[in-house]
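Chemist: Just to be clear, the model below is a prediction. Sequence and coordinates:
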Protein chains: 2
Amino acid sequence: MIFSKSCVYGLRAMIYLASISREGYVSIKGLSEKLDISFHFLTKILQELTADDLLESMKGPKGGVRLSKSGGEITLKEVVKAIDGPGIFTECVLGLPGCGSEKPCPMHDMWEGTRDKINDVFTTTSLQDMSKEGKAKDLRITPDGQFIWG
Amino acid sequence: MIFSKSCVYGLRAMIYLASISREGYVSIKGLSEKLDISFHFLTKILQELTADDLLESMKGPKGGVRLSKSGGEITLKEVVKAIDGPGIFTECVLGLPGCGSEKPCPMHDMWEGTRDKINDVFTTTSLQDMSKEGKAKDLRITPDGQFIWG
DNA sequence: TATATTTAAGATAAAATTGTCTTAAAACTT
DNA sequence: AAGTTTTAAGACAATTTTATCTTAAATATA
């Protein structure tokens, strides 16, 4: 698995949030049921995204979370970085600290191009891109087919 | 981190093994010291590679492990698959089982090209490619700079 | 103001990964 | 044949990740 479970859950939630109105807040409880993710676990993940200013949250009735910017302004990379860190966009495949053009490992050149490509697609793809794609074609973002857009 | 620690250790060991003669066996103890990896942990990882027929092993004095084929005949992908499984080359980024062209997730199209590229470079790059690169330019394959080729 | 609702935060638990230790089995050496 | 070296295998422990549970704090509503 390329991303942690936390990261995958975060991506699913963010893509869904980009598909709905940013007017009001969405309760995490409702989100967790819609996405079939443990409520408390999802809460923690969304807290990281809130701490990273990708989400805004509000307590109390009518409270919940919502995107801090429009879905078109949030990249997939921002979400991944907030949860799994920047490693996949920057790190050496062999896990060598300081690996780079000046002080490479044997796999550096072979991997650099691919890593750049990963960085590119995650930088140039927004949450809105994904939510539009999913909503337009009615694609699932949960393992079971229960999920419904809108 | 894109690969598990086990996988990274396995890759380092295999690249090193591809840099030396396949005549005799190399003791895992020696390997573990050279690569600065816990002996018992490395033993387990190499056992997986032996079970997958990428390594041959022999017990007793003069025993150890060696590549089962020449380093030019073993791809990086084979090593990764043996340890981390094929997931990174095949799986959905959102972790959806059955995600594919027929039943995609919203991220499928965006990710497919990159995943194919990962698959390509790991399929077309051999252990020998990496060991030659490392040995020729004297690049490190361990975090500290203690490692010495040959 | 009191109550209900909701996120925040922290404690705890379960599972997976990483790492260590012990014993067994095989092969070489003397 | 006996002893030494080495991988194989399994038990055990530590750490990280994943998941659950409880309490606190904030906010709306009545």
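Modeler: Everything's here; your move. Residues are numbered from 1 along each chain as shown, chains lettered A, B, ... in the order given.

Chemist: Of all the helix elements in chain A, which one is longest?
Modeler: Longest among the helix segments of chain A by residue count, using DSSP state H, is helix A:108-124.

Chemist: Is A:Ile2 in contact with B:Glu91, as I believe?
Modeler: Yes. Counting by C-beta atoms under 8 Å, A:Ile2 does reach B:Glu91; the two are 7.1 Å apart. The way it works is simple: take the backbone N, C-alpha and C, and place the C-beta from them, glycine included.

Chemist: So the two - more neighbours on which side?
Modeler: A:Ile2 (21 against 17; other C-beta atoms under 10 Å in any protein chain shown).

Chemist: quick check, that one in a helix?
Modeler: No. Counting by DSSP: H, G, I helix; E, B strand; the rest coil, A:Ile2 is not part of a helix but coil.

Chemist: who in chain A is up against DNA strand C?
Modeler: Residues of chain A lying close to DNA strand C by C-beta under 7 Å from any atom of the strand are A:25-29, A:40, A:43-44, A:46-47, A:50-51, A:57-65.

Chemist: What are the phi and psi values at A:Glu33?
Modeler: Dihedral angles phi and psi of A:Glu33 (degrees, to the nearest 10) take the values phi -70, psi -40.

Chemist: Could you do A:Glu78 as well?
Modeler: Dihedral angles (degrees, to the nearest 10) for A:Glu78: phi -60, psi -40.

Chemist: That one: how many residues sit nearby?
Modeler: So A:Glu78, with other C-beta under 10 Å, has 20 neighbours.

Chemist: again, but for A:Gly30
Modeler: For A:Gly30, using other C-beta under 10 Å, the count is 11.

Chemist: which one is A:Lys5 nearest to, not counting chain neighbours?
Modeler: Closest residue in space to A:Lys5, ignoring its immediate chain neighbours: B:Gly95 at 7.3 Å, by C-beta to C-beta, 6 or more residues apart in numbering or on different chains.

Chemist: for A:Glu73, same thing?
Modeler: Distance criterion C-beta to C-beta, 6+ apart; nearest residue to A:Glu73, sequence neighbours excluded, is A:Ser126 at 7.0 Å.

Chemist: what does A:Gly134 give?
Modeler: Nearest non-adjacent residue to A:Gly134, counting by C-beta to C-beta, 6+ apart: B:Pro106, 3.5 Å away.

Chemist: would the residue nearest to A:Lys5 count as being in a helix?
Modeler: No. B:Gly95: not assigned to a helix; according to three-state DSSP it is coil.

Chemist: so how far is DNA strand D from the residue nearest to A:Glu73?
Modeler: Between A:Ser126 and DNA strand D the computed distance is 24 Å (C-beta to the nearest atom of the strand, to the nearest Å).

Chemist: Likewise for A:Leu139?
Modeler: 22 Å.

Chemist: doesn't that residue fall inside a helix?
Modeler: No. Under three-state DSSP, A:Leu139 falls outside any helix and is assigned coil.

Chemist: show me what contacts it?
Modeler: A:Glu133, B:Pro104, B:Cys105, B:Pro106, B:His108 (C-beta atoms under 8 Å, 6 or more residues apart in numbering or on different chains).

Chemist: what pLDDT does the nearest residue to the last one once chain neighbours are set aside get?
Modeler: This means B:His108. The shortest distance from B:His108 to any residue other than its chain neighbours is 5.9 Å, reached at B:Cys99 (C-beta to C-beta, 6+ apart). At B:Cys99, the pLDDT value in this model is 95.

Chemist: show me where pLDDT drops low in chain A?
Modeler: Along chain A, the model assigns pLDDT under 70 to no residue.

Chemist: And the helices in it?
Modeler: Counting by DSSP H, the helices of chain A are A:5-17, A:28-35, A:39-51, A:76-84, A:87-90, A:108-124, A:127-137.

Chemist: looking at these, which is closest to B:Ala13?
Modeler: Of all these, helix A:108-124 sits nearest to B:Ala13, with 17.8 Å by C-beta to C-beta.
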